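Asker: A structural model of the following input is requested.
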Amino acid sequence: MEGTQVHDSVKDYYGKRLKTADDLQTQACVTVGKVVTKPVREAVAAVHDEVASKYYGCGLVIPEKLEGMNILDLGSGSGRDCFALSKLVGPKGHVTGIDMTDEQIAVSRKYIDYHTEKFGYKEPNTDFVQGYIEKLREAGLKENYYDIIISNCVINLSPDKRAVLKEAYSVMKEGGEFYFSDIYADRELDDSVRKDEILWGECISGALYWKELFTLAAEIGFSRPFLVSAAPVPIDREDFKKILGEARFVSVTYRLFKLPPGAKIEPLQVMYNGEITGYEKEFKFDHQHVFKKDDVVMVTGPVAASLKCSRFSDEFEYQPAPKTSCGSPCNGSTCDKVEFEDPFEYLENLAKAGQKVEASCCGGSTKCC
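Answerer: Next comes the predicted model:
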């Protein structure tokens, strides 16, 4: 499908065909259960029922250390994540949602005052902009402005993923973070798959080949993607299987950072101080790095730079990397190898280790695709 056709199809699917999450035909565009902190649970539970019922995300895109942050939600839909975040950022923070769908924007704007009153704020700290995630600046969003950008199962719906990432980079502050969940394929999908409007609306046929995300991030200027969590997306319906063939899909939460020019990419020893609210004992940066309070940990250059140049900077103490056996500091060829992390291989390794990973599931129900 061409760009305009994709936009029109998605608008129709999410604006007119779908009324609640129960109307979805697959398990892709709905949340994966995960352990969250009490403040996050309370924030999500506080969202109005109508807003929550029209939520179609594939993960929980609520990162850490949010108080006072300016946050942008790409493809904000009914506003569920925005309203939950508005409680967590507090009255000095702000959350903006952007969506192209008339019906979804109407729902989100309808409940701004409701949540403002519920959270005890004097003024609203949320707003919703109608526009395209491929054209953020054209929609009036400021460059170099947002501390955090989130997106929940939306980038796969875009006909131009590069434009989405490029625009996100433009409106994000240096040191900012792009924290997002999306659906990825284990291969390049055939054109015949791409043309299926139902599977596109279900977040499947528009899925990016996972390796391409790493390529796009590097070309645009982001840090490498850090895999936070992943869950399989099973395809059980026979009619969908015939269209998709052997292709497999996974829901992944990644975090990317906009590092300042000249940021040092060198390995360091770091120690977490345990001062992030809700994460006093440990802070999970990604699936490879869970920082326990007061533990000294050796990290690679990309991880060190992302911590040191972001809002997490003051949450760690930093020390130079130890010398190698030959007397020189660790460098990229010895301690700091960066590999593409295959999310499908990651899930296979978890299964081999006996760890059960819950599949993406329709709103927690037993309904399968």
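Asker: what packs against the helix or strand hosting residue 103?
Answerer: Assigned by DSSP states H and E, residue 103 belongs to helix 102-110. For helix 102-110, the packing partners by 3 or more CB pairs under 8 Å, 6 or more residues apart in numbering; DSSP states H and E come out as helix 49-53, strand 94-99, strand 126-130. Bear in mind the C-beta positions are built from the backbone N, C-alpha and C, glycine included.
Asker: Would you format these as JSON lines with mean neighbour count and mean pLDDT included?
Answerer: Output for those, formatted as JSON lines (neighbours: other CB atoms under 10 Å; pLDDT from 0 to 100):
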{"stretch": "helix 49-53", "mean neighbour count": "16", "mean pLDDT": "92"}
{"stretch": "strand 94-99", "mean neighbour count": "26", "mean pLDDT": "98"}
{"stretch": "strand 126-130", "mean neighbour count": "19", "mean pLDDT": "98"}
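Asker: And the ones you listed: which comes nearest residue 65?
Answerer: strand 94-99 (14.9 Å; CB to CB).
Asker: The closest one vs strand 126-130, what angle?
Answerer: Strand 94-99 runs at 20 degrees relative to strand 126-130, counting by axes from the mean of the first three to the mean of the last three CA atoms, to 10 degrees.
Asker: tally of neighbours for the residue nearest to residue 38 when sequence neighbours are not counted?
Answerer: Nearest non-adjacent residue to residue 38, counting by CB to CB, 6 or more residues apart in numbering: residue 278, 7.2 Å away. A count of nearby residues for residue 278, using other CB atoms under 10 Å, gives 15.
Asker: picking up where we left off before, mind putting the helices and strands packed on helix 102-110 in JSON lines, distance to residue 110 included?
Answerer: Listed next are these as JSON lines, based on distance: least, CB to CB, whole Å:
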{"stretch": "helix 49-53", "distance to residue 110": "8"}
{"stretch": "strand 94-99", "distance to residue 110": "13"}
{"stretch": "strand 126-130", "distance to residue 110": "10"}
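Asker: Could you check these and tell me which one is nearest residue 350?
Answerer: That would be helix 49-53 among the helices and strands packed on helix 102-110, by CB to CB, at 29.5 Å.
Asker: Check which helices and strands that closest one is in contact with.
Answerer: With contacts taken as 3+ CB pairs under 8 Å, 6+ apart, helix 49-53 sits against helix 80-89, helix 102-110.
Asker: Format the ones you listed as a markdown table; extra columns: mean neighbour count.
Answerer: Formatted as a markdown table, the helices and strands packed on helix 49-53 follow (neighbours: other CB atoms under 10 Å):
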| stretch | mean neighbour count |
| --- | --- |
| helix 80-89 | 26 |
| helix 102-110 | 18 |
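Asker: Which among the ones you listed is found nearest to residue 261?
Answerer: The closest of the helices and strands packed on helix 49-53 to residue 261 is helix 80-89. By CB to CB, the value is 27.8 Å.
Asker: Checking the residue positioned nearest the centre of the chain next. Helix, strand or coil?
Answerer: In the chain, the centroid-proximal residue (CA atoms, centre = their mean) is residue 180; its distance is 0.7 Å. Following DSSP: H, G, I helix; E, B strand; the rest coil, residue 180 is assigned to strand.
Asker: For the closest residue in space to it that isn't next to it in sequence, list each beta-bridge partner.
Answerer: Closest residue to residue 180 apart from its sequence neighbours, by CB to CB, 6+ apart: residue 151 at 3.9 Å. For residue 151, the beta-bridge partners under DSSP bridges are residue 74, residue 180.
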